[in-house]
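**Student:** I would like to see how this sequence folds:
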Amino acid sequence: MRLILAVDAIFPPLAGIGRYAFELATRLPALAQIEQVRYLGLFGWVPVPRTTGAQAVAPALMASSSTANLRRRMAAQPWAVSLYDAFSESWRGHLLRRERGAVYHSPNYFLPPYDGPSVATVHDLSIYRFPETHPAARRRLFDLAFERSLKRADAVITVSEAIRQELLAIFAVAPDRVSAIHHGVDAAFRPRNAQDVQPVLSRHGLQAGGYTLSVATLEPRKKLDRLIDAYSRLPDALRRHYPLVLAGSAGWLNDRIREAIDRGRSEGWLRFLGYVPQDDLPRLYAGARALALISVYEGFGLPVLEAMASGIPVLTSNLSSLPEVAGGAALLVDPEDVPAVSGQLERLLTDDPWRASAVTAGLQRARQFTWESCVQRTVEVYASAQQRRGGAG
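**Tutor:** Below you'll find the predicted structure:
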């Protein structure tokens, strides 16, 4: 099988869709079924070293900081989004004209014109469920390109069954063309002792076992303002003993969240770390007392999985894909019910018998999710797309 993988989502800071695309890009070449992988970046083909493996391929795939900054500026302007869509249709269509036998996979929703087997990954449908939580430019891109991409796709991957069901309910897509394939969790996320985690925690002014962690981009559907409100209602001694630590990139439409962060910081029980490098995250998780992620909507919810794999208990939302990922191993709560969130936060921090059982259950649950399984199942979808086109690459 020959494969063309779009890697335009792989740019710093690496999170969410970029992390998913990176895992595919660095793992797929090692599979026996894959004869050749070519990578299509934002503006053209991305050359990669002749040797395989993540250590060799990863530096070539990561877009430069200047390219990433250009992408962010373009993504914030509706006119630039329209221009990019027209450019992508023309230029990528031209580049792909001679590649008909290969499977084309976009890990980031959108497919260019291509006369060959095409696969798209749909991470969530928040743009349709909660359009007010997205910038106008992003809504414009989906208006232009999403339904067109669904029509082009021979197969569609969703990252959870919850999103698969939403896609089938909202759009005219044949059920046998849509496969739910969960993310994996990297082996770096595992329980660690205080001596192991403290060098990283010290750089952030933290102590092992001494904080509640939330890993989320500062954007409306993460409900960080609700989480901060709920945390402020905890007994003063408890929230000062276990301050709330937020880690995540700046996001968008976040004025209310930033105001709430400023209040918590001024009162001394909240820390905002901003974007945390990937290498620091495993120890930041493992050093936490617990994780709280009460997003109103997620396509998957990778922080829940990473926290369970790290051996810490989890409080998460009872909505969208989050119960699916938690699999009964976490506390669930309505993210809009602030008193309920506060009550569950107190239990998360203080109910030692529940905490012990949650750690055990979480570790067992996390072992069911591997990137190896994700990649292997993805290749099976490629084969199904080939069959629909009536030939092999």
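**Student:** Quick one: residues contacting D143.
**Tutor:** D143 sits next to no residue when contact means C-beta atoms under 8 Å, 6 or more residues apart in numbering. Backbone N, C-alpha and C define where each C-beta goes, glycine included.
**Student:** Oh, that last question was meant for Y39, not what I typed.
**Tutor:** Y39 makes contact with I4, L5, A6, V7, A25, W45, V46, V48, A60, L61, according to C-beta under 8 Å, 6+ apart.
**Student:** wait, what's in contact with R152?
**Tutor:** Contacts of R152 (C-beta under 8 Å, 6+ apart): L111, P113, Y114, S118, A120.
**Student:** any idea which of those is closest to F272?
**Tutor:** Nearest to F272 among these is A120, at 34.7 Å by C-beta to C-beta.
**Student:** Count the residues that sit near the closest one.
**Tutor:** A120: 23 surrounding residues under other C-beta atoms under 10 Å.
**Student:** Also F87?
**Tutor:** 11.
**Student:** S214 too?
**Tutor:** 25.
**Student:** can you put the contacts of Y39 in JSON lines and add distance to H183?
**Tutor:** Formatted as JSON lines, the contacts of Y39 follow (distance: C-beta to C-beta, whole Å):
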{"residue": "I4", "distance to H183": "22"}
{"residue": "L5", "distance to H183": "16"}
{"residue": "A6", "distance to H183": "18"}
{"residue": "V7", "distance to H183": "17"}
{"residue": "A25", "distance to H183": "14"}
{"residue": "W45", "distance to H183": "27"}
{"residue": "V46", "distance to H183": "23"}
{"residue": "V48", "distance to H183": "23"}
{"residue": "A60", "distance to H183": "23"}
{"residue": "L61", "distance to H183": "18"}
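**Student:** Report the buried members of the residues you listed.
**Tutor:** I4, L5, A6, V7, A25, V46, V48, L61 (16 or more other C-beta atoms under 10 Å).
**Student:** Wasn't L42 part of a helix?
**Tutor:** No: using DSSP: H, G, I helix; E, B strand; the rest coil, the secondary structure at L42 is coil, not a helix.
**Student:** How many neighbouring residues does it have?
**Tutor:** Applying other C-beta under 10 Å, we find 19 residues neighbouring L42.
**Student:** Hmm, it is touching D8, no?
**Tutor:** Yes: taking contacts as C-beta atoms under 8 Å, L42 lies within contact range of D8: 4.4 Å.
**Student:** Check which helix or strand D85 maps to.
**Tutor:** helix 78-96 (DSSP states H and E).
**Student:** Convert the next helix or strand after that helix to PDB, retaining C-alpha atoms only.
**Tutor:** For helix 78-96, the following helix or strand on the C-terminal side (DSSP H and E) is strand 103-106. Only the C-alpha atoms of strand 103-106 are listed here, as PDB (Å, rounded to 0.1, in the frame of the first residue of the first chain):
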ATOM      1  CA  VAL A 103      -4.400   6.200  -0.400                       C
ATOM      2  CA  TYR A 104      -4.700   9.900   0.700                       C
ATOM      3  CA  HIS A 105      -5.400  10.500   4.400                       C
ATOM      4  CA  SER A 106      -6.200  13.800   5.900                       C
END
